[in-house]
Each structure stands twice: as structure tokens, then as C-alpha cells.
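A.B. asks: Provided below are the primary sequence and the corresponding predicted coordinates.
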Amino acid sequence: RWTLRVTSRYNDSILRQDFIVYRDKPEIEVRVKLDWREKHKMLKLSFPVNTEDPKAYYEIPYGYIERPTNGEEEPGQQWIDVTGKSGEEEYGLSILNDSKYSFGILGNDMRMTVANGSVFADHYGQRYRDDWCEFQDQGVQEFRYVLVPHKGGFQDAQIVKKAYELNVSPVGIMETYHEGPLPQSMEGIRISADHIIAAVFKRSEDNDGYVLRCYETSGKAVKTDIKLPMLQREWSAEFGKCEIKTFLIPDDLSKPVEEKNLLEI
């Protein structure tokens, strides 16, 4: 990989960005350290995209939504995307992030809000401000975002999966060798369809098994195989477009896996 560090200054604030280009991946990862000292000012990062007839997509809980490209600030979660055309070819750019949830897209210009120097709970305006006012986003913060160019739509580039990989990184624990009940290697969950995401895995509310919650990410109905080798379980399920499914996996292996609602009923 190759890294370029860019340091920008504005008044008393400093923005440091490390742009990381990988040999075998098309995306660009950016690691950011910001020391924000501005009051009554916002900092946004802008990413112009050269497309025709752009369409903007934002991640929402367990799905996505298309919004107008009118520049208004909108909430988003782990990713946003602009997809358009050049002639007959469709392509676009996705921005993944690990802690920023406010965006605005004006035509082809994607904007991510990274700092807001407003007063906390500033309901009454300048007339009632005093020395006790506290300002938001002051001081040092660190975050990451990733620029992912793609052909076709964001569904073809598996953007939802890439966003989860950024936000749910593997945790490495250094340990000495010792005997234990687990094998040297093991596998947790395997899902045959690439556009089905496992979002939740936990003990059930009744503590009589496990709960696995999955959802479809690309707006395409699919039948998929789900395997949990660690629980010795395997079954198939059909998902509709953007459908959420909750499965109860009893501890008793003689009982079948059951589909439940979000309340596990």
C-alpha cells in the first residue's frame, strides 16, 4: 500500500488526512485526525462525482432509501452512494464511514459533515447567549472513511458488506498457547447469498437458545442457505426485497430453527 498525508489548517484548527491506496483494492481508505477549534462554523468534506442523472442513496436501519440531490442535509448511517451514467454505462461512488451520520448531496457533489461548532441547545439565538455556552465538536476527534468507486449500482459492489467490514473490524487478542475446549480454528456463520447480511447474533430473551437476525440488502428476492457450524445448525430461508428475518435457534438440537418476529414471538 501507499500513503499520502495531507495536513490542512484553518484559523486554530488542523485537519490531518492519511490517504491510503492499496495495491489489490480499488477503494481509498482515509484515516482522519481533526483538532476543531471553530465556533458557529461547520466543516464538511466535499467529493465531486462526474456522472449524468445522479441518484443518491443513503443507508437507513436495515435498508436504504433514495433521496433527492438538492443539497439538503440528510441523515445517513454507515454509507451513502451516488450512482449515475456516462452514455449507457452505469457507475458511481460510495462513501463508507465509521462515525459520521450527516450528509448532503447537491447534484454530483457529495458532502459529509464532520464537525459542527454550534452551541449546544441553542434554542433562543444570540440574544440569550452568555459565557456559559458550550460548543459542539470542540477538540480532537479521529475517524475513518473509505471512497469506493464502482461499476453498476451500489448493490453490484457489495457496499453494505464493505461498510460492515469497516465498522465491525476483527478483534485480535494476543495470547500464549494453552489447552482449551475450542479447536485451533472454527467458523461462526456462513450465508450463501452475498446480499444477505447477519446483523444480530445473541442469546434469546428467554435464554433457551440463540437469535440470528438477517436482512436482504440489494432489493432482490433470494433463497439462501444459512450454516452455523459452531451450533451444528443448517437451514434454508427465502427473503423478499429488503426483508428482515429473525430466527430462533433452540439449544435443544432436536427442536427445529423457527422464524420469529422482531419481538422474538
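C.D. replies: Ah, there it is. Numbering: from 1, shown residues only.

A.B. asks: quick one, helices of the stretch 101-250 of the chain?
C.D. replies: Secondary structure of the stretch 101-250 of the chain, counting by DSSP state H, counting those that start in this stretch: helices at 159-167.

A.B. asks: all strands for the stretch 151-265 of the chain, in order.
C.D. replies: Assigned strands in the stretch 151-265 of the chain, in chain order: 190-191, 196-203, 209-216, 222-228, 233-239, 244-250, 258-260 (criterion: DSSP state E, counting those that start in this stretch).

A.B. asks: can you list those in JSON lines and add distance to residue 96 and mean pLDDT?
C.D. replies: All C-beta spots, glycine's among them, are computed from the backbone N, C-alpha and C. As requested, the strands of the stretch 151-265 of the chain are arranged in JSON lines below (distance: least, Cβ to Cβ, whole Å; pLDDT from 0 to 100):
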{"stretch": "strand 190-191", "distance to residue 96": "20", "mean pLDDT": "95"}
{"stretch": "strand 196-203", "distance to residue 96": "14", "mean pLDDT": "95"}
{"stretch": "strand 209-216", "distance to residue 96": "18", "mean pLDDT": "96"}
{"stretch": "strand 222-228", "distance to residue 96": "23", "mean pLDDT": "96"}
{"stretch": "strand 233-239", "distance to residue 96": "23", "mean pLDDT": "96"}
{"stretch": "strand 244-250", "distance to residue 96": "22", "mean pLDDT": "97"}
{"stretch": "strand 258-260", "distance to residue 96": "31", "mean pLDDT": "95"}
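
A.B. asks: for residue 162, which of those strands is the nearest?
C.D. replies: Smallest distance to residue 162 across the strands of the stretch 151-265 of the chain (Cβ to Cβ): 11.2 Å, for strand 196-203.

A.B. asks: closest to the centroid, which residue in this protein?
C.D. replies: The centroid of the chain falls nearest to residue 78 when counting by Cα atoms, centre = their mean (2.2 Å).

A.B. asks: ok, now which ones touch it?
C.D. replies: Residue 78 makes contact with 59, 96-98, 160, 163-164, 166-167 under the criterion Cβ atoms under 8 Å, 6 or more residues apart in numbering.

A.B. asks: cool, residue 44 as well?
C.D. replies: Under the criterion of Cβ under 8 Å, 6+ apart, the neighbours of residue 44 are 104, 111-114.

A.B. asks: how about residue 111?
C.D. replies: So residue 111 contacts 44-47, 71, 103-105 (Cβ under 8 Å, 6+ apart).

A.B. asks: of those residues, buried ones?
C.D. replies: Buried positions within the contacts of residue 111, assessed by neighbour count (16 or more other Cβ atoms under 10 Å), are 45, 47, 103-105.

A.B. asks: which of those residues fall within strands?
C.D. replies: When strands are assigned by DSSP state E, the members of these inside them are 45, 47, 103-105.

A.B. asks: nearest to residue 230 among those?
C.D. replies: Using Cβ to Cβ, residue 103 is the member of those that lies nearest residue 230, at 37.7 Å.

A.B. asks: what's the distance between that closest one and residue 77?
C.D. replies: With distances taken as Cβ to Cβ, to the nearest Å, residue 103 is found 10 Å from residue 77.

A.B. asks: what touches both of these two?
C.D. replies: Listed as contacting both residue 103 and residue 77 by Cβ under 8 Å, 6+ apart are residue 58.

A.B. asks: quick check on residue 232: phi, psi?
C.D. replies: For residue 232, the backbone dihedrals are phi 60, psi 40 (criterion: degrees, to the nearest 10).
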